[in-house]
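>>> no sequence on this one, just coordinates:
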């Protein structure tokens, strides 16, 4: 097996006295697609921001080796200038907010190419048109002069994908890229990201709420709860027979043919000022033991996946 493209160990992030991420570890292979899933507040987007050097004002610890870069978390802003946009890139959740309303989409796309690749103006313009065509925007030459507000939400997100992939990055973060779009457009954007990254041989980390989408689009999955990893492994293994109680409860919230009733977990995610010392899911877990509140379980290999649980379910 090839060495991981990305190797994150014990990623911990504080904002003031609040511990948002608690010793998160994950691996990503070259060309692999990974889903980060969990409820709101799980820390999914925070992981992406930290690994892109965008967690402003936070105290970040741990290590994140990326290819030949020993530790992303130790980079200065000067060090990030040679990586961000070129080798690592991101499709943000709300394209309408991420795109600059004062510049045309063609100008924004060409600027990325000129700054990162040093292309002359005419070559950057021609390549920008080709990128817009590659993400399915019709009459791309005319769209170059459009401002973001003149495009639909789906077209804005396509422009974001074109900008993110302009320099052929090795790793793309897709942070809830379809949350502001209708269902039909959601499927098109996800397929576009998958097709474009796979054609380039790039790896992709999707931040998602949707387990069904994760199972269809991603190779592996990391289930997070309140900043801790609960379960991680291949999507087909984890989602067909989850062993962590939280993963099982998440799956029970998915509407499937033949489902008679949904069974969402009771309660809510605890506040960051009142987290238990042990497993953060302990207060809501139907299988919690006395030690769960006081002792954090380490990730261990069970039935072909990594699980952090003192009392896991049987894989069945």
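The structure has been received and is ready for your questions. Every value quoted in this text rests on a predicted model; they were computed, and no experiment measured them. Numbering: from 1, shown residues only.
>>> every contact and neighbour count from this point should use C-alpha atoms.
Noted.
>>> distance check, residue 126 against residue 113.
11 Å (CA to CA, to the nearest Å).
>>> just the strands in the stretch 51-200 of the chain please.
Along the stretch 51-200 of the chain, counting by DSSP state E, counting those that start in this stretch, strands occupy 59-66, 88-91, 171-175.
>>> dump those to CSV, plus mean neighbour count and mean pLDDT.
Below are those laid out as CSV (neighbours: other CA atoms under 10 Å; pLDDT from 0 to 100):
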stretch, mean neighbour count, mean pLDDT
strand 59-66, 19, 97
strand 88-91, 24, 95
strand 171-175, 25, 95
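>>> where does the protein have low pLDDT?
Applying pLDDT under 70 to the chain picks out residues 1, 254-265, 316.
>>> output the longest helix belonging to it.
Taking DSSP state H as the criterion, the chain has its longest helix at helix 183-200.
>>> that one versus strand 171-175: what angle between them?
Here the directions of helix 183-200 and strand 171-175 differ by 170 degrees (axes from the mean of the first three to the mean of the last three CA atoms, to 10 degrees).
>>> in helix 183-200, what's buried?
Buried residues in helix 183-200, counted by 16 or more other CA atoms under 10 Å: 185, 186, 189, 190, 192, 193, 194, 196, 197.
>>> which strands or helices does the helix or strand following it pack on?
Using DSSP states H and E, the helix or strand that follows helix 183-200 in sequence is strand 203-208. Contacts defined by 3 or more CA pairs under 8 Å, 6 or more residues apart in numbering; DSSP states H and E place strand 203-208 against strand 33-37, strand 171-175.
>>> any chance of the ones you listed in CSV, plus distance to residue 238?
Shown next, in CSV, are those (distance: least, CA to CA, whole Å):
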stretch, distance to residue 238
strand 33-37, 12
strand 171-175, 21
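>>> so what's residue 94 up against?
By CA atoms under 8 Å, 6 or more residues apart in numbering, the residues touching residue 94 are 157, 177, 179, 180.
>>> count the residues that sit near the nearest residue to the second one once chain neighbours are set aside.
I take that to be residue 177. Setting aside the residues directly before and after it, residue 177 is nearest to residue 93 in space (CA to CA, 6 or more residues apart in numbering), at 4.7 Å. Number of residues near residue 93 (other CA atoms under 10 Å) recorded here: 19.
>>> before we move on, what about residue 7?
18.
>>> who's it bridged to?
residue 27, residue 65 (DSSP bridges).
>>> I'd like the distance from it to residue 207, if you could.
Distance of residue 7 to residue 207, computed by CA to CA: 17 Å.
>>> do residue 105 as well
25 Å.
>>> OK, contacts around the residue lying closest to residue 200 once chain neighbours are set aside?
Leaving aside its sequence neighbours, residue 200 sits nearest to residue 168 (CA to CA, 6+ apart; 6.8 Å). Taking CA under 8 Å, 6+ apart as the criterion, residue 168 is in contact with 86, 87, 200, 202.
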